[in-house]
Every structure is written in C-alpha cells, then in structure tokens.
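Colleague: after the sequence you'll find the predicted model.
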Amino acid sequence: MTFKEAPPSPVHRRSIEVETFEHGATSLLVVGRLRDNRFNETRSFGGTVFPPGIVHDMIIRLIVRRSDMTIESIDVEMPRTPRDECLEAQNSLDLFRGTRIERGFTDRVRASAGKGRGCTHLASLFLAMGSAAVQGAWSAMAERPLRLKDTGEAACALLEDTCLVWRSGGPAMKQLLERIDQDKALDDERPVRK
C-alpha cells in the first residue's frame with residue numbers, strides 16, 4: 001500500500017468546523033466545534049472497554065471585535081468528554097478574554113494547555129478558530145468596497161508574517177503597502193468640497 005492509498009475504513013476521525021457571523025456593527029461571532037469519533041471499541045489503561053462513537057464534542061463561541069481582533073467574550077461547552085475531570089478545563093480559555101488575535105497568539109494558546117493547565121483538544125479548536133476569525137473578519141470587511149487608507153494598517157497588522165505569501169518584504173506585502181500609499185495620495189489630491 002502506498003501513502004496515497006487510504007485503508008478502507010478509518011479508526012478515528014477528528015472534525016473541526018468554524019463559522020463566522022457578523023455580530024452587531026463592530027463584532028463577529030465565531031463558533032467552533034471539535035468532534036473526535038472512534039470507529040472501533042477502545043480500552044482504557046485499566047481495561048474498561050468503550051464502544052465506538054464520539055469521544056470529544058467541544059464547542060467554543062467567541063465574540064471578536066473586528067477593528068483590532070480583540071476577543072471580547074469566550075463561552076465553552078463540552079457536551080461529550082471521555083472523563084468527568086475533563087470538564088475542569090471548561091474555563092481554561094477565560095484568560096484569553098481581552099487578548100488580540102495577532103502574531104504570538106498561537107504560542108500563547110499552546111503554552112496555556114500544557115503542564116496540566118488546560119486541554120489540548122480545546123487548544124486545538126481555539127487555534128483553528130483564531131485563523132478562521134481572521135478569515136471571517138476579512139470576508140465581512142471585503143463585502144464592501146475597501147478604502148485602504150482607512151483599513152490598510154489593520155489589514156497589514158492582521159496579515160504580515162502570518163504565512164509565506166504575506167511575509168514582511170514579500171511581493172504581496174509590498175503590493176498592499178503600495179496600494180495603501182496610492183489611496184492616501186489620491187485623497188490628498190482631491191479638492192475639498194464646500
């Protein structure tokens with residue numbers, strides 16, 4: 001069997017879904033759900049046999065301010081966990097209230113889940129939601145004509161060094177910065193109406 005040929009049936013499937021909605025005039029509602037489905041019986045370290053099915057079902061709802069991607073509100077729901085103790089992690093993301101989704105966000109989230117302080121599954125979902133929130137914010141903003149003189153600096157802050165395409169000094173960033181300068185110059189040239 002080659003790497004490209006998958007076996008006929010999986011033993012596990014993780015699905016992560018993230019949806020973004022406009023929430024009032026200035027915010028977004030970002031809803032994420034993680035589900036782990038095991039397709040075979042599994043056994044605990046103590047020998048307990050668990051039937052196939054959903055082992056993790058976790059939902060996170062965020063309210064994010066669009067202007068600077070600050071997390072205003074976090075709500076975590078854990079309808080299905082393998083152990084009752086898992087529910088103790090339900091409030092582990094509260095420390096991110098007031099945090100901006102920006103460079104360094106990923107490292108802070110990963111650090112919060114380690115050393116018995118949180119849940120790696122919630123952290124995985126939260127990380128997926130961070131990048132999806134940026135995409136959702138862009139989608140909401142780009143529905144209307146963009147005025148880069150007004151939104152360009154925020155776009156740069158969201159995009160710069162997030163990936164290869166938007167690397168600092170790369171062609172896409174240079175083009176964006178040039179467009180911002182062009183838009184500002186056009187406004188400077190327009191006569192003021194009285």
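Modeller: The structure has been received and is ready for your questions.

Colleague: neighbouring contacts of the helix or strand of the chain with the lowest mean pLDDT?
Modeller: In the chain, no helix or strand scores lower on mean pLDDT, DSSP states H and E than helix 148-159, which sits at a mean of 73. With contacts defined as Cβ atoms under 8 Å, 6 or more residues apart in numbering, helix 148-159 is touched by 67-69, 102, 134, 137-138, 141, 166, 172-173, 176-177, 179-180, 182-184, 187. Just so you know, the C-beta spots here come from the backbone N, C-alpha and C atoms, and that holds for glycine as well.

Colleague: give me the buried positions along that helix.
Modeller: 148-149, 151-152, 154-156, 158-159 (16 or more other Cβ atoms under 10 Å).

Colleague: ditto for stretch 59-66
Modeller: 59-60, 62-66.

Colleague: which residue in those residues has the weakest pLDDT?
Modeller: Among these, residue 66 has the lowest pLDDT, at 89.

Colleague: number of residues surrounding the residue nearest to residue 160 when sequence neighbours are not counted?
Modeller: Distance criterion Cβ to Cβ, 6 or more residues apart in numbering; nearest residue to residue 160, sequence neighbours excluded, is residue 168 at 5.6 Å. Residues near residue 168, counting by other Cβ atoms under 10 Å, number 9.

Colleague: just checking, residue 68 touches residue 101?
Modeller: No - taking contacts as Cβ atoms under 8 Å, residue 68 lies outside contact range of residue 101: 9.1 Å.

Colleague: of these two, who's got more company?
Modeller: Shown here are residue 68 and residue 101; by other Cβ under 10 Å, residue 101 has more neighbours (25 against 12).
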